[in-house]
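Visitor: requesting a structural model of the entry that follows:
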Amino acid sequence: MSLQTAAGSITELIGNTPLLRIRLFEREFPSLEVYAKAEWFNPGGSVKDRAALAMIEDGERRGALTPDKEIIDSTSGNTGIAYAMVAAAKGYRVRLVMPANVSQERKQLVTAYGAQVVYSDGMEGSDGAIRLVRQMIAEQPERYFYPDQYNNPANALAHYNGTGVEILAQTGGRVGMFVAGLGTTGTFTGTARRLKEHDPGIRTIAVQPDDAFHGLEGLKHLPTAIVPGIWDSGVADEVWGAPTEPAYELARALARQEGLLVGHSCGAALWAVRELGRQGAAGVVVTIFPDSGDRYLSTGLYRFGRSAVQK
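Guide: Here you go, the predicted model:
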């Protein structure tokens, strides 16, 4: 959509996010050219707008989502916000199951859009929310439309048809490496699949927390979690485990040195990019910044800590 054209709905503004040059590692790794997709430019504030819209519209096309159905899914926050925004624009009701310990900003955002929220045990993380939503659906199957973001192919297809295509266009096809975090795994799987079809030589690095007990909201430690059905390990050349504190430090460094306030998982992506540099990688690397840091202020991400680059 051109700037001269009025949007008929907020959903028309989803996608086509900017690709930003990241200069955090330029001095240390001058041969590495780093770019990041700034996904907080989506109207709902995160990369999950893409998947939520794709899954809801897929449900409409299949006739599974009708006006009498209530959209329900488990979420750690961003997909829930996206569901709530898209549903509000389209006139659907939404019920979300979220771990009780997600950030206050995320809780307030979903309710601002009119979604009803059921909280699962925070200690059980996203897996606890998945188990609870399945129980609720089993009790009243006729009441709900369940997109099931962890197992819905439309999730990954949103990135195969959108994010991956955009990256190729924005880099002029020069991308040599791709880095993204693993949550539902849809962003990585769909984008990496599209990039590999363009050039099988593109190196794809998937990033997960290095431990089951971590502080990287939105990311899954797959060895100890319910593995999403849409996860395709075949499009990942490598899967790396990011430590929490170094990820936090890099997120803080990016805010202070480049004016980019990003979330926990963006710090994990930056950690992986730095590891590529330390391995001697050269050329164009593209990563995904799923969201902004403004929805994590209450978590303390930006409350303490020195810049990692200043150490």
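
Visitor: alpha carbons only for contacts and neighbour counts from here, please
Guide: OK.

Visitor: next one: residue 99 from residue 268, what distance?
Guide: 21 Å (Cα to Cα, to the nearest Å).

Visitor: compare neighbour counts for the two and give me the winner.
Guide: In this comparison of residue 99 against residue 268, neighbours counted by other Cα atoms under 10 Å, the higher total goes to residue 268 at 32 against 24.

Visitor: what's the closest non-adjacent residue to that one?
Guide: By the measure of Cα to Cα, 6 or more residues apart in numbering, the closest residue to residue 268 outside its immediate chain neighbours is residue 247, 4.7 Å from it.

Visitor: same question, residue 55
Guide: In space, residue 55 comes closest to residue 154 once its chain neighbours are excluded; the distance is 5.4 Å by Cα to Cα, 6+ apart.

Visitor: give me the helices and strands touching the helix or strand hosting that neighbour, please.
Guide: Element membership of residue 154 [criterion: DSSP states H and E] is helix 153-158. Taking 3 or more Cα pairs under 8 Å, 6 or more residues apart in numbering; DSSP states H and E as contact, the helices and strands that helix 153-158 lies on are helix 48-62, helix 186-198.

Visitor: tell me the most buried of these?
Guide: For the helices and strands packed on helix 153-158, the stretch with the most neighbours on average is helix 186-198, a mean of 24; neighbours defined as mean count of other Cα atoms under 10 Å.

Visitor: what pairs with the helix or strand just after it, and is each one parallel or antiparallel?
Guide: If you walk from helix 186-198 toward the C-terminus, the next helix or strand you reach (DSSP H and E) is strand 203-209. Looking at strand 203-209 with DSSP bridges, its partner strands are strand 175-181 (parallel), strand 238-242 (parallel).

Visitor: can you lay out the helices and strands packed on helix 153-158 as a markdown table showing mean pLDDT?
Guide: Formatted as a markdown table, the helices and strands packed on helix 153-158 follow (pLDDT from 0 to 100):
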| stretch | mean pLDDT |
| --- | --- |
| helix 48-62 | 98 |
| helix 186-198 | 98 |
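
Visitor: those helices into a markdown table, with extra columns for distance to residue 19?
Guide: Formatted as a markdown table, the entries for the helices and strands packed on helix 153-158 read as follows, by distance: least, Cα to Cα, whole Å:
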| stretch | distance to residue 19 |
| --- | --- |
| helix 48-62 | 16 |
| helix 186-198 | 14 |
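
Visitor: so residue 7 touches residue 13, yeah?
Guide: Yes: under the contact definition of Cα atoms under 8 Å, residue 7 touches residue 13, with a separation of 7.4 Å.

Visitor: what residues does stretch 288-295 touch?
Guide: Outside stretch 288-295, the residues that touch it by Cα atoms under 8 Å, 6 or more residues apart in numbering are 36-40, 45-48, 103-106, 179-181, 261-266, 269.

Visitor: switch to 6 Å and redo it
Guide: 36-40, 46-47, 105, 180, 261-263, 266 (Cα atoms under 6 Å, 6 or more residues apart in numbering).

Visitor: do stretch 146-165 as well
Guide: 50-51, 54-55, 72-73, 184, 186-187, 190-191, 194, 228-230.

Visitor: and the helix or strand of the chain with the lowest mean pLDDT, what's buried?
Guide: One helix or strand of the chain scores below all others by mean pLDDT, DSSP states H and E: helix 104-112, with a mean of 91. Applying a neighbour-count criterion of 16 or more other Cα atoms under 10 Å, the buried positions in helix 104-112 are 106-107, 109-111.

Visitor: and these, which is closest to residue 63?
Guide: residue 110 (25.3 Å; Cα to Cα).
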